[in-house]
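Undergrad: give me a 3D structure for the following:
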Amino acid sequence: MSQYKSIALFLDNPGSIEIYHEFARSGNHDLLHLAKNPQNVKEISTKKYDLIIVDISHPSMAEIEFIDALHTISENIPIIVVSSFFYDTREIVFGNKIRGFIQNPLTVQKLEATASPFLIHETRVEAPAPPAKVVDDVVLTNRRLTVLLEISRSLTSITDLDELLSHIIKMAAEVLQAERATLFIYDKNTNELWSRTGIGLKASEIRFPSNQGVAGEIFQGGQSLIISDPYKHPTFNKGFDLKSGFTTKNILGFPLKNINGEVIGVIQLLNKKQGTFDGEDESYLGALASAVGIVLENALLREKLKKQLEEIQQAYAELDIAQNTILRETKFATIFELTGIVRKAASEHNVPVVIAELRSDYLFDSKLLRYLDVIEGSFNKILSDTEEFARQNGN
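TA: Residues are numbered from 1 along each chain as shown. Below you'll find the model as predicted:
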């Protein structure tokens, strides 16, 4: 029994590429790594592959449509999906278009186990004939709702604010097929809307008063907006287009609310790639915005607590430095005071002179002379030790 020898791998995230290579080496497979683009999809029909593996790193309609395109081009080639998403809903999303599903984390053993049903003798095991292609509104709605569920799940796993913002706008733009997406957050301290990231935006941060522009209109009114002709809309700011060279053709915006119903930001999509935004897009973005608002507020709270913790840690560090400084200065003061007392005592009583006089008066008292030697040695040691202690601790 021989295994598939020719495998097409569609992989965007190179993090797991070594696992695929190890799988290929262990089974003597010919593995070709391809990018997810229309040209490579077309080439699938012109080349002979025994298996197609698609690694999905983000939940989006674009990924689902990519599987559809692959299946249409190569109905008889088995497709295996590897992903952290769509496992529970794979039948709704992919139907009979895929022959296997591997849930991350990926291992060589999982790859081997999933590919084993497709081992062949001399002829390829043909896929069952697909039923008539039916993509109606119900199927499309189910797919979009599934993507929404997977996006909501993925949002809860991200704790870093910048990563979360980037993920939200990327997913929103992909799902609703928009050229650009931006998420604006309300800053209570400055009464501004700001954005730290955006699809298709070069600026790292944008700030403006919360009552200006289309985003300001959505924020103040708390209602979504669909604008088919932005240049005729009274609140549209042409300045951004003039600076960037981008032409805004249509806009879909939705307010982001927290669990208490307070507006905390705005998500805005520009230029639907096909046609214009409609009520269905608005409803879908509204469902996404409900999840985003709650997750975003939690992330902002974590960011705030993180900043407060850093400020407390900095305050404690400064307090520790101040305490050490006070202790050191107090220590120095005590040392210098003690040294001064010893020096004063030595100068007032002139001990060396007294000892010298006693030696002169009692030259023949050997016992007294021995005591005077001990006293003189001890006195000199006290002076030298005090001076040395003051010198070492005064630096």
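
Undergrad: residue 196 - nearest residue in space that isn't next to it in sequence?
TA: In space, and not counting its chain neighbours, residue 196 is closest to residue 205: 5.3 Å by Cβ to Cβ, 6 or more residues apart in numbering. Backbone N, C-alpha and C define where each C-beta goes, glycine included.

Undergrad: and the one you found, how far from residue 243?
TA: The gap separating residue 205 from residue 243 is 15 Å, by Cβ to Cβ, to the nearest Å.

Undergrad: which of the helices or strands spans residue 271?
TA: For residue 271, the host element (DSSP states H and E) is strand 263-272.

Undergrad: cool, and residue 91?
TA: Secondary-structure assignment from DSSP H and E places residue 91 in helix 90-94.

Undergrad: now the lengthiest helix in the chain against strand 263-272, angle please.
TA: For the chain, the helix reaching the highest residue count under DSSP state H is reported as helix 279-349. What separates the directions of helix 279-349 and strand 263-272 is an angle of 130 degrees, with axes from the mean of the first three to the mean of the last three Cα atoms, to 10 degrees.

Undergrad: hmm, back to that, next secondary structure after the helix holding residue 91?
TA: The C-terminal neighbour of helix 90-94 among helices and strands, as given by DSSP H and E, is strand 100-103.

Undergrad: could you give me the buried positions within that following strand?
TA: Using 16 or more other Cβ atoms under 10 Å as the burial criterion, the residues of strand 100-103 that qualify are 100-102.

Undergrad: can you get me a residue count around residue 209?
TA: Counted with other Cβ atoms under 10 Å, residues neighbouring residue 209 total 11.

Undergrad: now it. Nearest residue, chain neighbours left out?
TA: Once its chain neighbours are removed from consideration, residue 209 has its nearest residue in residue 192; the separation is 6.0 Å (Cβ to Cβ, 6+ apart).

Undergrad: swap in residue 382?
TA: Computed as Cβ to Cβ, 6+ apart, the closest residue to residue 382 that is not its neighbour in sequence is residue 342, at 6.5 Å.

Undergrad: so who does the one you found touch?
TA: Contacts were defined as Cβ atoms under 8 Å, 6 or more residues apart in numbering; by that measure residue 342 touches 382-383, 386.

Undergrad: now, which of those sits nearest residue 63?
TA: Taking Cβ to Cβ as the measure, residue 63 sits nearest to residue 386 out of the contacts of residue 342, at 80.6 Å.

Undergrad: what's the mean pLDDT across the helix or strand encompassing the closest one?
TA: Element membership of residue 386 [criterion: DSSP H and E] is helix 366-393. What helix 366-393 shows for mean pLDDT is 82.

Undergrad: go through it and flag the buried ones.
TA: For helix 366-393, a neighbour-count test (16+ other Cβ under 10 Å) marks 372, 376, 379, 383, 386, 390 as buried.

Undergrad: is it true that the fifth one touches residue 336?
TA: Meaning residue 386. No - between residue 386 and residue 336 there is no contact, the gap being 10.6 Å when judged by Cβ atoms under 8 Å.

Undergrad: quick check: mean pLDDT of stretch 216-227?
TA: The predicted model assigns stretch 216-227 a mean pLDDT of 96.

Undergrad: from the chain's centre, how far out does that stretch sit?
TA: Once both centres are worked out by Cα atoms, centre = their mean, to the nearest Å, stretch 216-227 turns out to sit 29 Å from its chain's centre.

Undergrad: neighbouring contacts of that stretch?
TA: In this structure, residues lying in contact with stretch 216-227 by Cβ under 8 Å, 6+ apart are 184, 186, 193, 208-211, 214, 233, 235-236, 250-255, 257, 263, 265-266, 268, 276-279, 281-282, 285-286.

Undergrad: any chance of a ChimeraX selection covering the buried ones in the residues you listed?
TA: Restricted to the buried members of these, where burial is judged by 16+ other Cβ under 10 Å, the ChimeraX selection command reads as follows:
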select :184,186,193,208,210,214,233,235,236,250,251,252,253,254,255,257,263,265,266,268,277,281,282,285
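
Undergrad: related to what we said a few turns ago, for the contacts of residue 342, which one is nearest residue 332?
TA: Taking Cβ to Cβ as the measure, residue 332 lies nearest residue 386 of the contacts of residue 342, at 14.2 Å.

Undergrad: where's the residue nearest to residue 386 when sequence neighbours are not counted relative to residue 349, distance?
TA: Nearest residue to residue 386 in three dimensions, chain neighbours excluded: residue 342, at 4.9 Å (Cβ to Cβ, 6+ apart). Residue 342 is 11 Å from residue 349, where distance means Cβ to Cβ.

Undergrad: ramachandran angles for the residue nearest to the spatial centre of the chain?
TA: With distances taken as Cα atoms, centre = their mean, residue 163 lies nearest the centre of the chain, 3.4 Å away. The main-chain torsion angles of residue 163 are listed as degrees, to the nearest 10 and equal phi -60, psi -40.

Undergrad: what pLDDT, on average, does the strand holding residue 271 get?
TA: 95.

Undergrad: which neighbouring elements make contact with it?
TA: Helices and strands in packing contact with strand 263-272 are listed as helix 161-175, strand 178-187, helix 213-221, strand 251-257, helix 279-349; criterion 3 or more Cβ pairs under 8 Å, 6 or more residues apart in numbering; DSSP states H and E.
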